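Enquirer: this is a predicted model, with the sequence first.
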Amino acid sequence: MNDSNQRPDWVPLNAGSAFTTSVMAGVDGGHDGLRGQASVAVSRPTIPRRKRLTVDEYVAGVLASDRNIVAQTITLVESNAQAHFDMGQEVLRQLIPYTGNSVRIGITGVPGAGKSTFIEALGLHLCEQGHKIAVLAVDPSSTVTRGSILGDKTRMELLSRDLRAFIRPSPSSGTLGGVARKSRETILVCEAAGFDVILVETVGVGQSETTVRSMVDFFLLLMISGAGDELQGIKKGIMELADALLVNKADGDNRLRAHAARADYNRALHYLAPATEGWRTKAYTCSALTGEGINTIWNVISDFRQQITASGVLEKRRQRQTLDWVYSMVEEHLRTSFFNHAGVGSIRADIEEAVVNGHIPPTVAAQMLIKKYEG
């Protein structure tokens, strides 16, 4: 290139002064532009590819509580690739004898109830008592981009630095209830790795929470003051699934309002059947900011676990949950099989158009699609 300024190729011919961009010749020398300095080729180090683990290495690493391998194993079971799925299921099959020894706690609540702050406060409290905890924090996936922020580790800064805790953010991937599709497998991996308390945080934005109820022992609903009186509380169907209600942010000027809300919710709970046989659901208060009430709610969870274990309710619940897990996967498979069916795909557009235009009723359309699928 000569020393005179030149127009870039994208500037139109006979362009006026509005296009002021020009390309100038560079200088001889090294990367910093100093004249007379010879350019030196810098070799970049080759980054070694991560070694592919065998099934036995995954299993041994999880049982040894190797955090890196635990994380890799969870990634393996979350993968949708067929090769990963087969290997992941074999890993789970070998890990199952080492599972089932944790307290599984589901935590949900409306946005702004302070779920992440509460989980960090509870987690730090349990770590100080000698427990190993795993937090499965589910982030909502965008319905537009399918992406997630996965920022719960940032919110739980202190807990994420504690080696006795393991935090695994996962995208909800549109799963009803805000729980990732592989959350059940993740729980098993964490139990086999020696974590004795599993905390499952759900999105809590109004979806059906029966999904998280079907995979945990104790279901905790976080509430905030000012959400309505006891009649409004009864209308919240989620209360029927909870083993305890916890009014958070009971500190400062909000303390009196939080205690008033607890009294309202306790009155509402008198009208509801208990979520767990032989256990009476009650409302409590806490402050995740100051730590007040954290030990109380943990004592409630411990009493709950002891009581339902002695009565045999825990064993029956987990057996029922396992069967629910089986049939939920069957339903998922059938749904996928239906929409991937070539015959259904060939008539789906025409049937949808006929329904939208009012030519056939929805029930008839459904029967036509099912008949095509079964044929």
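Expert: Okay, I see it.

Enquirer: from Leu256, how far off is Gly293?
Expert: To Leu256, Gly293 is 15 Å away according to Cβ to Cβ, to the nearest Å. C-beta: built from backbone N, CA, C; applies to glycine.

Enquirer: neighbour-wise, which of those two wins?
Expert: For Gly293 versus Leu256, neighbours defined as other Cβ atoms under 10 Å are more numerous around Gly293 (21 against 11).

Enquirer: can you pull the contacts of that one?
Expert: Leu246, Ala250, Tyr284, Thr285, Cys286, Ser287 (Cβ atoms under 8 Å, 6 or more residues apart in numbering).

Enquirer: show me which pair in the residues you listed is furthest apart.
Expert: Across those, the longest distance by Cβ to Cβ is 11.4 Å; it joins Tyr284 and Ser287.

Enquirer: more crowded one of the two?
Expert: Ser287 (22 against 19).

Enquirer: so the more buried one touches Ala250, yeah?
Expert: Yes. The criterion here is Cβ atoms under 8 Å, and Ser287 meets it with Ala250 at 5.0 Å.

Enquirer: what are the contacting residues of stretch 83-100?
Expert: Residues contacting stretch 83-100 (Cβ under 8 Å, 6+ apart): 55, 58-59, 62-63, 73, 76-77, 79, 185, 187-189, 191-192, 318.

Enquirer: which residues touch Val135?
Expert: Applying Cβ under 8 Å, 6+ apart, the residues contacting Val135 are Ile119, Gly123, Asp152, Met156, Leu159, Ala165, Phe166, Ile167, Arg168, Leu199, Glu201.

Enquirer: beta partners of it?
Expert: Ile167, Leu199 (DSSP bridges).

Enquirer: for Ile167, see how far away it is.
Expert: From Val135 to Ile167 the distance is 5 Å (Cβ to Cβ).

Enquirer: ditto for Lys132
Expert: When Lys132 is compared with Ile167 (using Cβ to Cβ), they lie 12 Å apart.

Enquirer: can you list the contacts of Gly293 in TSV and add distance to Val212 and secondary structure?
Expert: Formatted as TSV, the contacts of Gly293 follow (distance: Cβ to Cβ, whole Å; DSSP: H, G, I helix; E, B strand; the rest coil):
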residue	distance to Val212	secondary structure
Leu246	16	strand
Ala250	24	coil
Tyr284	20	strand
Thr285	23	strand
Cys286	20	coil
Ser287	24	coil
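
Enquirer: Glu57 and Ile69 touch, don't they?
Expert: Yes. Using Cβ under 8 Å, Glu57 is in contact with Ile69, at 7.5 Å.

Enquirer: tell me which of the two has more neighbours.
Expert: The neighbour comparison of Glu57 against Ile69 (other Cβ under 10 Å) goes to Ile69, with 21 against 16.
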